[in-house]
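Enquirer: Provide a 3D model corresponding to the input given below.
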Amino acid sequence: MLESPMAAVREALSAVDRQVVSDPSLIQAAVMVLLYLREGEYHILLNKRSATVEDHKGEMAFPGGRIEPTDASPEEAALRETFEEMGVRPEDVGVLGPLGGVTTPSGYFVNPFVGTIPGAYRFTRSASEVAEVVEVPLSTLVEEGTVPMDVLFGDGRTREFDVYLYEGHVIFGATARILGDLLRVLERVPDEEAPWRSGRS
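Expert: Purely as a prediction, here's the structure:
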């Protein structure tokens, strides 16, 4: 049974107008945005992508990847990729609902899903895909928000983004946009069901 805050998140997500893009020029992908209690505080699971992945090397991301022909749905793809990258079993994820999709300059359309897992979960990262597991307190994102920053890319280009900062990590691009969409949904959760606003568990 879901805890009361997560039930409230599921209710807020039910009002999301989910965008679906079928543009054949875009690569369809799916990610899982996991919310869970860790040491009495709600966190979001991110990872730093390895230097050997095909796209977005070294960037902060949610667990996820391309939707394969064998995936029955974008949600199934997000669960499969979360298991492959982080060792989180699909049966351990309580899917709360989808967020709106995001198109990336690199040619992807990303389908995000929000889920919850047991708080004491032990992640097993894929070394070939994930350089570091990063668990971000939800209250930090809510309280600090974004800041404008020039991001330097590997080819020497720079571009200004509204980014989230956490312990030296710069969260930008599609990941930051999905986080922003989630935080806007969470604003609909009543205060008494939103411990991330006050540090309550």
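
Enquirer: now the helices for this structure?
Expert: Applying DSSP state H to the chain gives helices spanning 4-13, 74-86, 138-144, 173-186.

Enquirer: any idea how far stretch 71-86 is from the chain center?
Expert: Centroid separation between stretch 71-86 and its chain, computed with C-alpha atoms, centre = their mean, to the nearest Å, is 13 Å.

Enquirer: I should have written stretch 16-28 there, sorry.
Expert: Per C-alpha atoms, centre = their mean, the displacement of stretch 16-28 from the mean C-alpha position of its chain is 17 Å.

Enquirer: which regions of the chain lie under the pLDDT threshold?
Expert: Along the chain, the model assigns pLDDT under 70 to residues 1-3, 51-58, 149-156, 198-201.

Enquirer: Can you tell me the strand partners of the biggest strand by length in it and which way each runs?
Expert: Counting residues, the longest strand found in the chain (DSSP state E) is strand 27-38. Strands that pair with strand 27-38, judged by DSSP bridges, come out as strand 41-49 (antiparallel), strand 64-66 (antiparallel), strand 108-116 (parallel).

Enquirer: quick one: the shortest one to chain centroid distance?
Expert: In this case it means strand 64-66. With C-alpha atoms, centre = their mean as the basis, the mean position of strand 64-66 lies at 11 Å from the chain mean.

Enquirer: list the buried ones in that strand?
Expert: 64, 65 (16 or more other C-beta atoms under 10 Å). (C-beta placed from N, C-alpha, C; glycine too.)

Enquirer: all numbers from here: first residue = 31
Expert: Okay, residue one is now 31; in that scheme the one you just asked about reads as strand 94-96.

Enquirer: quick one: residue 111 from residue 47, how far?
Expert: 24 Å (C-beta to C-beta, to the nearest Å).

Enquirer: Look at those two and report which has more neighbours.
Expert: For residue 111 and residue 47, the more surrounded residue by other C-beta atoms under 10 Å is residue 111, and the numbers stand at 25 against 5.

Enquirer: nearest spatial neighbour of that one, skipping sequence neighbours?
Expert: residue 95 (4.3 Å; C-beta to C-beta, 6 or more residues apart in numbering).

Enquirer: How about residue 165?
Expert: residue 73 (4.6 Å).

Enquirer: same check, this time on residue 155
Expert: Nearest to residue 155 is residue 163, by C-beta to C-beta, 6+ apart, at 5.5 Å.

Enquirer: Identify the residues contacting the one you found.
Expert: 75, 77, 116, 153, 155 (C-beta atoms under 8 Å, 6 or more residues apart in numbering).

Enquirer: what sits opposite it in the beta ladder?
Expert: Under the criterion used here (DSSP bridges), residue 163 is bridged to residue 77.
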